[in-house]
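Novice: Just need the structure, nothing else, for what follows:
(one chain, ligands or ions: 1)
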Amino acid sequence: MEPTKPQDRAKLAAGRKAIEVYLKDGMRIGLGSGTTSHWFVRALGEKVREGFDVAGVPTSTATRDLAIQCGVPLLDLNDVEELDLTIDGADEIDHAGRMIKGGGACLLWEKMVARVSRRMVAVVDDAKVVDTLGKFPLPIEVIRFGWRSTGRELQTLFGRFGLGDAPMILRGGEANPVITDSGHYILDWELDRIEQPDALAPLFNEIPGVVEHGLFVGIAHEMVIGHADGSADVVRLD
Ligand SMILES: O=C(CO)[C@H](O)[C@H](O)COP(=O)(O)O
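Specialist: This next block holds a predicted model:
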């Protein structure tokens, strides 16, 4: 079914363009999460029905379920040394291809799958492209044990970058916290402007309790930017 909302039409345009430009018979593909990636997965299902031999590693249980519904054959990441390509969305992307991801709480699997992919293509609607990352709250996946303590360490780290005022927000709230596919919590950080994403990104994983963070730097090779009129631009980043 064709979407009616302009942003959804832009997401569909990006997903379709990704199929047109990148998909080749025989490919093994990382299947991203979120609504934009899901347009891609649906379009991939159509290709499978046309006879394409493709298979994918899903980056969330939601994408796994959709892929099964669409008839896209699945692979286990354990059995894959390298993927040809990952197609995945983003919550924000700057002109250098640095991204904030994890709005759908899937950042851990998304980063693991992107890492084993020869190429990673970000599919976004044009509202996601920004000059400076940070308006979208940065998601950080933490283990449940001592999550406040981990959060305080994160606050200290942000303070070193002049970002120390952001409150600690547990996604879903304490009464009903969001639990990721791997059983963790998400802390969302309203940082407003992340001026030094490259310097900040490697420091999160030094904090015990942090499982993964939603800054994806040096990961995307290309981006496909969809527009509500159905057109889409391909931007190469390397
Ligand atoms: O990172 C993600 C999920 O963890 C998604 O790629 C991101 O949230 C974009 O989603 P959408 O395509 O629905 O806007």
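
Novice: Report the distance from stretch 228-236 to the chain centre.
Specialist: 19 Å (Cα atoms, centre = their mean, to the nearest Å).

Novice: Quote the end-to-end distance of it.
Specialist: Start-to-end span of stretch 228-236 (Cα to Cα, to the nearest Å) is 21 Å.

Novice: Check stretch 179-197 too.
Specialist: Terminal-residue distance, stretch 179-197 (Cα to Cα): 26 Å.

Novice: Any buried residues in it, and which?
Specialist: T180, D181, H184, Y185, I186, L187, D188, W189, L191, I194, P197 (16 or more other Cβ atoms under 10 Å). C-beta coordinates here come from the backbone N, C-alpha and C atoms, glycine included.

Novice: if I pick the last one, what's in contact with it?
Specialist: Same thing as P197. D94, R98, L133, L215, V217 (Cβ atoms under 8 Å, 6 or more residues apart in numbering).

Novice: Okay, and which of the buried residues of stretch 179-197 map to strands?
Specialist: Y185, I186, L187, D188, W189 (DSSP state E).

Novice: For these, work out which two are farthest apart.
Specialist: Within these, Y185 and W189 form the most distant pair, 13.1 Å apart (Cβ to Cβ).

Novice: ok, the residue lying closest to L74 once chain neighbours are set aside to T35 distance?
Specialist: Distance criterion Cβ to Cβ, 6 or more residues apart in numbering; nearest residue to L74, sequence neighbours excluded, is A67 at 5.8 Å. A67 sits 15 Å away from T35, going by Cβ to Cβ, to the nearest Å.

Novice: out of these two, which sits in the busier spot?
Specialist: More neighbours surround A67 than the other of A67 and T35, with 23 against 16 (other Cβ atoms under 10 Å).

Novice: ranges for the helices of this structure?
Specialist: 6-22, 35-49, 61-70, 107-115, 147-160, 197-204 (DSSP state H).

Novice: Out of those helices, flag the one nearest A175.
Specialist: helix 147-160 (14.5 Å).

Novice: re the thing from before, looking at the helices of the chain, which is closest to D229?
Specialist: helix 6-22 (7.8 Å).

Novice: Please identify the buried residues of the closest one?
Specialist: 7-19, 22.

Novice: which among the residues you listed are in contact with the ligand?
Specialist: For the ligand, the contacts drawn from the buried residues of helix 6-22 by Cβ under 6 Å from any ligand atom are K11.

Novice: Between the buried residues of helix 6-22, which sits nearest A105?
Specialist: Nearest to A105 among the buried residues of helix 6-22, with distances taken as Cβ to Cβ, is K11, at 18.4 Å.

Novice: coming back round to it: reformat the helices of the chain into CSV and put mean pLDDT next to each item.
Specialist: Formatted as CSV, the helices of the chain follow (pLDDT from 0 to 100):
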stretch, mean pLDDT
helix 6-22, 95
helix 35-49, 95
helix 61-70, 98
helix 107-115, 98
helix 147-160, 97
helix 197-204, 97
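
Novice: quick one: which of those helices is nearest L77?
Specialist: Comparing the helices of the chain by Cβ to Cβ, helix 107-115 comes nearest, at 6.6 Å.

Novice: got a list of what the nearest residue to G214 once chain neighbours are set aside touches?
Specialist: Nearest non-adjacent residue to G214, counting by Cβ to Cβ, 6+ apart: G102, 3.4 Å away. Taking Cβ under 8 Å, 6+ apart, we find G102 in contact with D91, E110, L138, P139, I140, E141, I186, H213, G214.
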